[in-house]
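Fold the following and give me the result.
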Amino acid sequence: QLSMLMLQWKALTVDCHQWQTRNPEIISTNPDVLLEIGKEELQKVKNDLQMLLSIVRSKNKQLEEDLKREQQWYEDQKQVLDALNKIEEEANTQAEQSSTNRDFDELKNKILKLRTFKKELMTALSAFLDEYFPLPEKGENTKSKRPSAEPAVELITLGEILEILISKLMTTPHDPYITINESFWPPYIELLLRSGMVLRHAEDPNRMRLRAFHK
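Modelled structure (predicted):
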């Protein structure tokens, strides 16, 4: 209906323009007749305009209602989206915390397992070394070409030497050398050097380090 009225309005505009550009035919010279004809034409235009105005108002009202519904739908969708974003953020936070806690627990279990394995390995190694590479009998390490009144230094086992070397390498990898003192039995040092397990310092023969087999 609105389209039809718009077409009618355009047609009336064209007719009006034509009436303005041409000389109208004189219908009558009687003022009363002309007045009545003018009233009729004005009434017809008035009725058409009122009908058009009514349709436009009705259409505007419908558009306003549609706009309100669209705005309400937009607000509802926005609330739903905000709620979903909040849920996603909370889920991501919980997942990160859970992942962090799980990774920490796994790391802690690995460390405990490594410590247990290291302890078992060092125990087995010490037992093996004590059996096959025991310390010399008492008094053997006190033999010397020149007599001395000082008591003999207590020697440490081969396993203890290895523990010192390993600990030094792990705690200070930038300086893994240890100093050889009198508690180190020379045959043990010679054995470690010949087997390639340790290396002497290039400038100080009284210092040695464990070979970095892990590199």
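
what about Ala212, which SS state?
Judged by DSSP: H, G, I helix; E, B strand; the rest coil, the three-state class of Ala212 is coil.

next one: Met208
Following three-state DSSP, the label given to Met208 is strand.

Quick one: distance of whichever strand or helix holds Leu84 to the chain centre.
Leu84 belongs to helix 31-132 when assigned by DSSP states H and E. The chain centre lies 20 Å from the centre of helix 31-132; the measure is CA atoms, centre = their mean, to the nearest Å.

give me the low-pLDDT residue ranges for the chain?
1-2, 19-29, 138-151, 214-215 (pLDDT under 70).

Glu160: how many residues sit nearby?
15 (other CB atoms under 10 Å). C-beta here means a position set from N, CA and C on the backbone, and glycine is covered the same way.

swap that for Lys59, sorry
With other CB under 10 Å as criterion, Lys59 counts 12.

What of Tyr188?
Tyr188, neighbours per other CB under 10 Å, totals 19.

mind listing what it touches?
133, 158, 161 (CB atoms under 8 Å, 6 or more residues apart in numbering).

tilt between the helix or strand containing it and helix 31-132?
Element membership of Tyr188 [criterion: DSSP H and E] is helix 186-194. Using axes from the mean of the first three to the mean of the last three CA atoms, to 10 degrees, the direction of helix 186-194 lies 130 degrees away from that of helix 31-132.

returning to that earlier point: Ile37: which of the contacts of Tyr188 is nearest?
Nearest to Ile37 among those: Ile161, at 131.7 Å, using CB to CB.

got a list of what the closest one touches?
Ile161 neighbours (CB under 8 Å, 6+ apart): 184, 188, 192.

rewinding a little: what residues of the following helix or strand past the helix holding Leu84 count as buried?
Once helix 31-132 ends, the next helix or strand along the chain (criterion: DSSP H and E) is helix 158-171. For helix 158-171, burial by neighbour count (16 or more other CB atoms under 10 Å) applies to 158-159, 161-162, 165, 168-169.

Direction included, what does the following helix or strand past helix 158-171 pair against?
Note on helix 158-171: by DSSP H and E, the next helix or strand toward the C-terminus is strand 178-179. Sheet pairing for strand 178-179, assigned by DSSP bridges, gives strand 207-210 (antiparallel).

which other residues reach the strand it pairs with?
Contacts of strand 207-210 (CB under 8 Å, 6+ apart): 162, 165-166, 168-169, 176-180, 189, 192-193, 197-201.

do the same with stretch 77-96
Contact with stretch 77-96 is made by no outside residue, as judged by CB under 8 Å, 6+ apart.

Send over it as PDB, restricted to the C-alpha atoms.
Extracted in PDB, the C-alpha atoms of stretch 77-96 (Å, rounded to 0.1, in the frame of the first residue of the first chain):
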ATOM      1  CA  GLN A  77      22.800 -11.900  22.700                       C
ATOM      2  CA  LYS A  78      25.300  -9.600  24.300                       C
ATOM      3  CA  GLN A  79      24.500 -10.900  27.700                       C
ATOM      4  CA  VAL A  80      24.800 -14.500  26.400                       C
ATOM      5  CA  LEU A  81      28.200 -13.700  24.800                       C
ATOM      6  CA  ASP A  82      29.500 -12.000  27.900                       C
ATOM      7  CA  ALA A  83      28.400 -15.000  30.000                       C
ATOM      8  CA  LEU A  84      30.200 -17.400  27.500                       C
ATOM      9  CA  ASN A  85      33.300 -15.300  27.600                       C
ATOM     10  CA  LYS A  86      33.400 -15.300  31.300                       C
ATOM     11  CA  ILE A  87      32.900 -19.100  31.400                       C
ATOM     12  CA  GLU A  88      35.600 -19.500  28.900                       C
ATOM     13  CA  GLU A  89      38.000 -17.300  30.800                       C
ATOM     14  CA  GLU A  90      37.300 -19.200  34.100                       C
ATOM     15  CA  ALA A  91      37.700 -22.500  32.300                       C
ATOM     16  CA  ASN A  92      41.100 -21.400  30.800                       C
ATOM     17  CA  THR A  93      42.300 -20.100  34.200                       C
ATOM     18  CA  GLN A  94      41.300 -23.400  35.800                       C
ATOM     19  CA  ALA A  95      42.900 -25.400  33.000                       C
ATOM     20  CA  GLU A  96      46.100 -23.400  33.400                       C
END
